[in-house]
Structures are given as structure tokens and as C-alpha cells.
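Enquirer: Build me a model from this:
(one chain, ligands or ions: 1)
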Amino acid sequence: MNETSLKKHLAKLNLGGLRYFETIGSTNDEALAWAATGANDLSLVIADEQTQGRGRLDRKWFTPKNSAIAMSLILRPTAPMRPHLSRTVGLAALSIADACLSLGLSPQIKWPNDILLNGKKVAGILVETVWSGHDVDSLVVGMGVNVEEASVPPADLLKFPATSLEEMLGTLPQREDFIFRTLEALIRWREKINNQAFIQAWEEKLAFRGEIVNINAEDEKPIHGIVDGLESDGSLRLKDESGKPVSIRFGDVSLRPSS
Ligand code: BT5
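Expert: Numbers count the residues shown, from 1 in each chain. Sure, this is the predicted structure:
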């Protein structure tokens, strides 16, 4: 992967701009700074390697060189998007899931921000916001995908098992092609972000649907319930032991199957 091959593969998408780095701290940091200085809608930052890749709450995200996708897309909210900005993580999740589906894989979305293949994490999403006073100026949609097996961190560093596209496909997909498939899907889904069909499509791909899970949030008692679906804002709806619906809002929560 290099700047020339990326430009060639992504030409049809009419991106607002492209910045490619052989190595970078975090593509989200670069995109946040670019957005704050007026980047166009659909500007994209991609790096071959990240040295300070971030997950939520500054957890580490591993992006070793020559093996993974680390990219951050800047979105300037369109009018239909504005009332539904909390669905943006779903937008990224559905897009990565569609790219996996188009390769014949069976992705699931582990709410809120992980893509699973065969129950293992293949991709993570980190959405961050640039504010202008009380208004959202732009969103940075960070996506990390394990492509080659070499991109999967050692198991002892992980709380949840991980995999790669290569492991699941049995062959090595081209990174530029997977980036194209993801972004093409994202541009398509963004048009529908205000529809109920968007929530339905997201819901259909939820991992652990109908199963009992534990939701662990910082400083709060774990919540135990059956995964039921999504609320209109993208919150997770569980059913507790008495069958009563419980909504889990975004935040630093982690979902684990109850064993
Ligand atoms: C995420 O956070 O899953 C969001 C990851 C977003 C990464 C992208 S890459 C492009 C952009 N630039 C950035 O700096 N970030 C974004 P979270 O749910 O908090 O999960 C983090 C946890 O996933 C870590 O604590 C590890 O346990 C695990 N992890 C780290 N690297 C991984 C990898 N390559 N594959 C699978 N799991 C990983």
C-alpha cells in the first residue's frame, strides 16, 4: 500500500482529501487537527503503521506496519445526519460489516464498536467529535482493521479474542480494496442514516442477540440481561431477568457473553 495505489483505488469515491503516512502516532489525532482547520467532508487519513493508536479511554490499538488498516474519515454532518449523530458508530460498523460480507464473510457487530468474525474481533471503531461552541463541527470516524495475521496482537495482551481477514478468508485480501469497499458502503449508508431501515440493518447484525450478556461500565454495577435490539439513537436494549427493557447508552461500556 502506498499513496499512489490508494489514490488509484479510491478515485471513484470523490473523497474530500487524502493524507497518507507510512507511520504516524494516531490517524484520529491527525484527522481531528485537520478537521479543526477546515478539512472538507470525506477527507481521509490513512497510515501504514500507528505508534500511538488509540481505542476508547485511551486504550492501546495495535497497528503494526505492512499488515493492517488504520484510517480516519472526517464527516461534516449533512442535514439528515444532524439529528442522528449518535448513530455514527453504527454507520462505521455497518460499512465494515458490508465490506466483510462482500468478501463472503459473516460479520457481527459487538455493540458498541467492534466487528467480529467467528466471535473474534477483527476491527474496532473510535468516533470522536470536533466542536464549534455547542455545535458539532465534524466527526472523525476512526477504523482499525486487522488484515494480515501479523496484525493480530498476542492473545495475552487482549481481553477479547482477535482475528484477521487473512485468517478468516484463508487468503490475503488487498488492503486498498478493503478500504474501498468500506468507504463505498459508508457513503451509501450515510444517505440512509435517518431511516428506520438503518437501525434494522444494524440490529440484524448484532452479536449475542437473544443471548445473556454482562455490561460492565466504569464505577457501576454490571448489568445482566438478554440482548434484545437497538433504540432509535443506537443505544442497546436489553431485557432484564423480569423481562423489563433496559437501555444502555454509549459510553465506556464493554459487553461480554455471560458464562
Ligand atoms: C476500539 O477501542 O476498538 C477502537 C479502535 C479504533 C482504532 C482506530 S485505528 C484508526 C484510528 N486511529 C486511532 O488511534 N484509533 C482509530 P476499544 O473498544 O477500547 O478496544 C481497545 C482494546 O482492543 C484494547 O484494550 C485491546 O485489548 C484490544 N486491541 C488492541 N489492538 C487490537 C487489534 N489490532 N485487534 C484486536 N483487538 C485489539
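
Enquirer: show me what contacts A207?
Expert: Q108, I109, K110, W111, L116, G119, V227 (CB atoms under 8 Å, 6 or more residues apart in numbering). Quick note: C-beta positions are derived from backbone N, CA and C, even for glycine.

Enquirer: thought the third one was touching L116?
Expert: In other words, K110. Yes - in this structure, K110 is within contact of L116 by CB atoms under 8 Å, at 5.2 Å.

Enquirer: Check which helix or strand the closest residue to D98 other than its chain neighbours maps to.
Expert: Spatial nearest neighbour of D98, excluding adjacent residues (CB to CB, 6 or more residues apart in numbering): A185 at 3.9 Å. Element membership for A185, per DSSP states H and E: helix 175-190.

Enquirer: residue contacts, the most centrally placed residue in the chain?
Expert: Centroid-nearest residue in the chain, with CA atoms, centre = their mean: I125, separated by 2.8 Å. By CB under 8 Å, 6+ apart, I125 lies in contact with V89, A92, A93, I96, N113, D114, I115, V141, G142, M143, G144.

Enquirer: Tell me the bridge partners for V127.
Expert: Using DSSP bridges, the beta-bridge partners of V127 come out as V141.

Enquirer: can you offset everything so residue one is 33?
Expert: Noted, 33 is the first residue going forward, which turns the last one into V159.

Enquirer: State the pLDDT value of the residue of the stretch 133-282 of the chain found nearest the ligand.
Expert: Nearest residue of the stretch 133-282 of the chain to the ligand: G156, at 2.2 Å (CB to the nearest ligand atom). G156 carries a pLDDT value of 98.

Enquirer: And P254, by the same measure?
Expert: Looking at P254, the pLDDT reads 83.

Enquirer: Need the contacts of I157 in a markdown table (columns: neighbour count and secondary structure).
Expert: Output for the contacts of I157, formatted as a markdown table (neighbours: other CB atoms under 10 Å; DSSP: H, G, I helix; E, B strand; the rest coil):
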| residue | neighbour count | secondary structure |
| --- | --- | --- |
| V121 | 21 | helix |
| A124 | 28 | helix |
| A125 | 29 | helix |
| I128 | 26 | helix |
| N145 | 23 | coil |
| D146 | 22 | strand |
| I147 | 29 | strand |
| V173 | 23 | strand |
| G174 | 27 | strand |
| M175 | 27 | strand |
| G176 | 27 | strand |
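
Enquirer: where along this protein do the helices fall?
Expert: Counting by DSSP state H, the chain has helices at residues 35-42, 59-68, 120-134, 197-201, 207-222, 228-236.

Enquirer: thinking again about what came up before, which secondary structure elements does the helix holding A217 sit against?
Expert: Packing partners of helix 207-222 (3 or more CB pairs under 8 Å, 6 or more residues apart in numbering; DSSP states H and E): helix 35-42, strand 100-107, helix 120-134, strand 167-178.

Enquirer: rewinding a little: quick one: the contacts of A239 as JSON lines, columns for pLDDT and distance to the ligand too.
Expert: Formatted as JSON lines, the contacts of A239 follow (pLDDT from 0 to 100; distance: CB to the nearest ligand atom, whole Å):
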{"residue": "Q140", "pLDDT": "98", "distance to the ligand": "15"}
{"residue": "I141", "pLDDT": "98", "distance to the ligand": "12"}
{"residue": "K142", "pLDDT": "96", "distance to the ligand": "9"}
{"residue": "W143", "pLDDT": "95", "distance to the ligand": "11"}
{"residue": "L148", "pLDDT": "98", "distance to the ligand": "10"}
{"residue": "G151", "pLDDT": "97", "distance to the ligand": "13"}
{"residue": "V259", "pLDDT": "95", "distance to the ligand": "17"}
